[in-house]
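In: Sequence and predicted structure below; questions after.
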Amino acid sequence: MNKVLVIHGPNLNLLGQREQNVYGKTTLDEINASLTKLAQANNVSLEIFQSNHEGEIVDIIGKAKTNNIKAILMNPAAYTHTSIAIRDAVAANNIPTVEVHLSNIFAREEFRHTSLIAPVCHGQVTGFGPNSYILGLQAIINLLNK
C-alpha cells in the first residue's frame, strides 16, 4: 500500500475559525476526514501532520523516505512565500510533492503571488477551497498508479 504524507502548515489548525471569508468554514478535521475517505477508496494510507513550526516541517520531510513515504501533499501556508528550508527539504528528498492552497494565492496580496515551494513540486492546486486538497490527493494517486 502506498503511503502519502499530508502536511498542513502554520495556522491551518485554526481552519473554520479564522478568516472564513478567505478560508471558509471547513475545519482541518473535516479536510482530513475527506482525504482519509479518498485514500481508503484508493488503497492509499495517509500520515497526516500539522505544525506551526518550520523546523518540524523540514524534519518530517527529511524523514519521509525513511518512513516509506511515496508522495507528499502539502499546504505550506505562509511558509509558501518565505521558506527556503522547506523548499530545500522537498528538493532534497526527490519525492513527488503536490502543493495545495485553499485560496487562490495569485488573487490575493502581491506578496502571496510567489511560491518558493512550487518550483520543486510536481504540481500545485490553488483556489478551490477544501477541494484543493482532494484534487491534489487525486493527482498524487494518479501519479502513484502510473
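Out: That came through fine.
In: make it CA atoms for all contacts and neighbour counts henceforth
Out: Fine.
In: Dihedrals phi and psi, Asn52?
Out: Phi and psi for Asn52, reported as degrees, to the nearest 10, are phi -90, psi 0.
In: Could you count how many residues lie near it?
Out: By other C-alpha atoms under 10 Å, the residues close to Asn52 number 17.
In: now it, nearest residue through space, not along the chain?
Out: Of all residues not flanking Asn52 in the chain, Pro10 sits nearest, at 3.8 Å (C-alpha to C-alpha, 6 or more residues apart in numbering).
In: Now do the same contact list for that neighbour.
Out: 50-53, 76-79 (C-alpha atoms under 8 Å, 6 or more residues apart in numbering).
In: Now rank these by neighbours and give me the top one.
Out: That'd be Pro76 among those, by other C-alpha under 10 Å, with 27 neighbours.
In: Can you name the helix or strand that the most centrally placed residue in the chain falls in?
Out: In the chain, the C-alpha nearest the mean C-alpha coordinate belongs to Met74, at 1.5 Å (C-alpha atoms, centre = their mean). Element membership for Met74, per DSSP states H and E: strand 69-75.
In: for the next helix or strand after that strand, packing partners?
Out: Next in sequence after strand 69-75, counting helices and strands by DSSP H and E, comes helix 84-93. Contact analysis of helix 84-93 by 3 or more C-alpha pairs under 8 Å, 6 or more residues apart in numbering; DSSP states H and E lists helix 54-62 as its packing neighbours.
In: Any buried residues in the helix it packs on, and which?
Out: 57-58, 61-62 (16 or more other C-alpha atoms under 10 Å).
In: what does it rub up against?
Out: 7, 9, 51, 79, 83, 85-86, 89-90, 93.
In: Just the buried ones among these, please.
Out: 7, 9, 51, 79, 83, 85-86, 89-90.
In: who's in contact with the helix or strand hosting Asp29?
Out: Here Asp29, judged by DSSP H and E, is contained in helix 28-41. For helix 28-41, the surrounding residues in contact (C-alpha under 8 Å, 6+ apart) are 12-16, 45-46, 48, 130, 133-134, 137.
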